[in-house]
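Novice: Need coordinates for the following:
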Amino acid sequence: MASKSLWLLALCGAFHLLRAEDGQSAWNQFRGPNGSGVAADSRPPVKIDPEEVAWKRSLPPGLSSPALSDGQIFLTGLDEGRLVTLSMDKETGKVLWRRQAPAVPLEKVHEANGHATPTPWVDEDRVFVYFGSYGLLCYDHKGKEIWKKPIPSCKSLYGSSTSPIGHGDLLILVLDDDNNLPGSGVSRSKILSVRKKDGETAWETPRPFQRSGWSTPIIWAHGKKKELVVLGNGRLCGYELPSGDEKWHVTGFSRETIARPVIGNGLVFASASKRGGGADLNPDPQPFWDAVIRFDANGDKKLQRNEMTGHFTFPFRPELPLGHSGYGLPLPKDKGQRARRLDGMFRWMDKNRDGSWSEKEFLSNLTVGQGKPLMVAVRPGGEGNLNDSHLAWELNRSIPEIPSPIFHRNRIYLICNGGVLGCVDATKGKLIYRERLGGLGQYNASPVIANGHLYLCSEEGQVTVAKTGDALEIVHQKEIGERIFVTPALDADTIYLRGEKHLWAFRDKK
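Specialist: Next up, the predicted model:
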């Protein structure tokens with residue numbers, strides 16, 4: 001009997017490790033179990049108060065989310081010009097080890113991005129890290145380097161952000177590149193699969209229609225099949241596993257895809273806003289006029305060219321603070337170039353050539369973003385173009401620009417800039433509610449769910465905790481005093497928040 005009990009215990013332990021390795025249970029990757037954002041057995045505190053933090057530790061700059069093992073936290077950063085991987089103790093926040101990546105020229109990134117954005121992948125004895133400037137690195141949990149694999153940097157509008165994921169004994173990485181030249185026979189965009197044990201290439205799949213993208217893929221298991229689902233420039237694609245062969249695609253997404261797909265009710269859900277961040281198909285144009293007329297210095301309710309001063313630019317996201325890097329059209333820092341750009345912008349909008357913009361003129365010529373905001377629900381089993389055959393529904397309202405959707409108990413939650421939370425019926429694709437949280441500004445961090453509560457973090461550092469369900473019920477809201485760009489991580493009783501300068505651990509005291 002004793003031997004049988006020991007055998008069952010060993011079997012259960014092996015099963016646990018397997019599930020953790022494949023990302024089905026542990027918070028060992030970006031957004032936790034298979035990218036879901038849901039920690040089913042987690043009980044973190046509902047009250048997130050900086051005065052009641054379990055611990056708080058300084059970090060080098062970086063946008064990677066915490067990835068967890070049983071006792072450690074793994075993060076990346078840029079420390080005095082060098083790319084680094086850090087291990088921290090979950091109980092105390094003490095840095096256990098810090099390893100520098102090989103010295104390389106840093107890739108060009110947008111000011112809203114960074115050089116250490118991809119999140120590590122962690123299995124039972126190794127941690128795998130990707131830097132767009134270098135490539136892949138593998139360490140054991142004590143910090144010993146196991147292997148490294150240099151990869152040429154992809155040309156990208158904003159810099160790298162996609163994270164590696166694991167599948168069995170393979171590590172999979174999407175490398176979409178603006179150097180791709182469709183129709184030329186040159187395909188630099190690809191999916192790269194390497195062996196976890198040594199970093200050697202297992203297979204590569206070209207992505208000839210793809211340019212740079214910022215989404216992390218997921219594994220979709222349905223029936224006896226598993227597929228790699230990748231959201232990229234204009235399309236969602238499914239690839240057979242373990243071969244990596246492309247099987248299906250859905251088109252209609254915008255040029256800039258960032259959110260990670262998510263699975264629920266046997267469907268896969270994927271979303272992307274308009275280019276420029278538009279969340280709705282037909283957005284209210286009034287905030288855009290309100291954003292420019294604030295520069296009306298003479299009070300005539302029109303805008304002249306000489307009033308385009310200071311931080312003035314054409315607004316893309318008027319809900320953000322003036323001067324924010326994502327607020328509007330980037331303008332040159334050189335005064336002469338900036339003036340010429342503003343001259344052209346003014347002439348383009350001044351259709352009647354009367355030397356001013358009126359509200360009517362501005363709104364009648366306003367185009368907000370490119371493409372359409374889109375979320376789709378895809379049924380399994382299709383091949384080729386699935387737009388007409390395997391879409392359960394599509395939605396064109398309340399689609400976030402950066403945060404990923406989150407599925408929980410037949411509902412999908414979407415957090416948009418300006419602190420607008422949408423709740424969607426996952427069966428019908430209809431909005432159940434759309435409400436403001438009271439926290440303005442940009443939302444970069446994806447929502448996470450634990451113990452029946454949503455945890456939502458704004459860039460300004462406001463943490464909102466709301467109950468899941470068919471109506472918005474906020475149970476706690478607090479600013480921690482530090483900006484938050486990064487999706488939190490969860491374990492049994494703790495939520496880990498990476499701020500601009502610190503990692504915060506909030507732990508249930510029970």
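Novice: Could I get the full set of strands for the stretch 151-300 of the chain?
Specialist: Taking DSSP state E, counting those that start in this stretch as the test, the strands found in the stretch 151-300 of the chain are 165-167, 170-175, 190-195, 201-206, 218-222, 225-232, 235-240, 246-251, 262-264, 267-272.
Novice: Please name every helix or strand in contact with the fourth one.
Specialist: So that's strand 201-206. Using 3 or more Cβ pairs under 8 Å, 6 or more residues apart in numbering; DSSP states H and E as the contact test, the elements touching strand 201-206 are strand 190-195. All C-beta spots, glycine's among them, are computed from the backbone N, C-alpha and C.
Novice: Report the rounded mean pLDDT for the strand it packs on.
Specialist: Averaging pLDDT along strand 190-195 yields 97.
Novice: Could you do stretch 266-284 as well?
Specialist: For stretch 266-284, mean pLDDT rounds to 87.
Novice: What are the boundaries of the helices in the protein?
Specialist: For the chain, helices defined by DSSP state H occupy the ranges 2-21, 286-293, 335-349, 359-364.
Novice: hmm, back to that, single out the most deeply packed of the strands of the stretch 151-300 of the chain.
Specialist: Each of the strands of the stretch 151-300 of the chain was scored by mean neighbour count; the highest is strand 267-272, a mean of 26, by mean count of other Cβ atoms under 10 Å.
Novice: Would you give the sheet partners of that one, along with the direction of each?
Specialist: In its sheet, strand 267-272 lies beside strand 262-264 (antiparallel), strand 374-378 (antiparallel), with partners assigned from DSSP bridges.
Novice: Redo the ones you listed as CSV? Include distance to L63.
Specialist: Shown next, in CSV, are the strands paired with strand 267-272 (distance: least, Cβ to Cβ, whole Å):
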stretch, distance to L63
strand 262-264, 20
strand 374-378, 24
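Novice: Those: which one's closest to P315?
Specialist: Checking these against P315 by Cβ to Cβ gives strand 374-378 as the closest, at 22.4 Å.
Novice: Show residues contacting the closest one.
Specialist: Under the criterion Cβ atoms under 8 Å, 6 or more residues apart in numbering, residues 236, 250, 252-254, 267-272, 386, 390-396, 399, 405, 412, 414, 424, 426, 429 lie in contact with strand 374-378.
Novice: how does the protein divide into domains?
Specialist: In terms of domains, the chain is parsed into 12-280+370-507, 286-364 (source: automatic domain parsing).
Novice: Sketch out the low-pLDDT regions of the stretch 1-150 of the chain for me.
Specialist: Scanning the stretch 1-150 of the chain for pLDDT under 70 picks out the ranges 1-25.
Novice: What about K94, how many residues nearby?
Specialist: 11 (other Cβ atoms under 10 Å).
Novice: how much space between it and M349?
Specialist: K94 sits 56 Å away from M349, going by Cβ to Cβ, to the nearest Å.
Novice: same question, E482
Specialist: From E482 to M349 the distance is 39 Å (Cβ to Cβ).
Novice: Equivalent analysis for K196, please.
Specialist: Between K196 and M349 the distance is 54 Å, computed by Cβ to Cβ.
Novice: between these two, who's got more neighbours?
Specialist: Counting neighbours by other Cβ under 10 Å for K196 and for M349 shows that K196 has the greater number, 20 against 16.
Novice: Go ahead and confirm that one touches I165.
Specialist: No. With contacts defined as Cβ atoms under 8 Å, K196 does not count as touching I165, sitting 11.4 Å away.
Novice: shared neighbours of those two, which are they?
Specialist: Here K196 and I165 have L171 as joint contacts, going by Cβ under 8 Å, 6+ apart.
Novice: re earlier: tell me the most buried of the domains of the chain?
Specialist: Greatest average neighbour count among those goes to domain 12-280+370-507 (a mean of 20), per mean count of other Cβ under 10 Å.
Novice: Now find how far off-centre it is within its chain.
Specialist: In terms of Cα atoms, centre = their mean, to the nearest Å, the centre of domain 12-280+370-507 is set 5 Å apart from its chain centre.
Novice: so how far is G499 from P287?
Specialist: Applying Cβ to Cβ to P287 and G499 gives a distance of 29 Å.
Novice: swap in L192?
Specialist: L192 sits at a distance of 32 Å from G499 (criterion: Cβ to Cβ).
Novice: Spit out the contact partners of the closest residue to C138 other than its chain neighbours.
Specialist: Distances taken as Cβ to Cβ, 6 or more residues apart in numbering put I146 closest to C138, at 4.4 Å, once the chain neighbours are dropped. By Cβ under 8 Å, 6+ apart, the residues touching I146 are 126, 138-140.
Novice: contacting residues for A116?
Specialist: 60-64, 76-78, 83-84, 131.
Novice: can we see that at 7 Å?
Specialist: 62-64, 76-78, 83, 131 (Cβ atoms under 7 Å, 6 or more residues apart in numbering).
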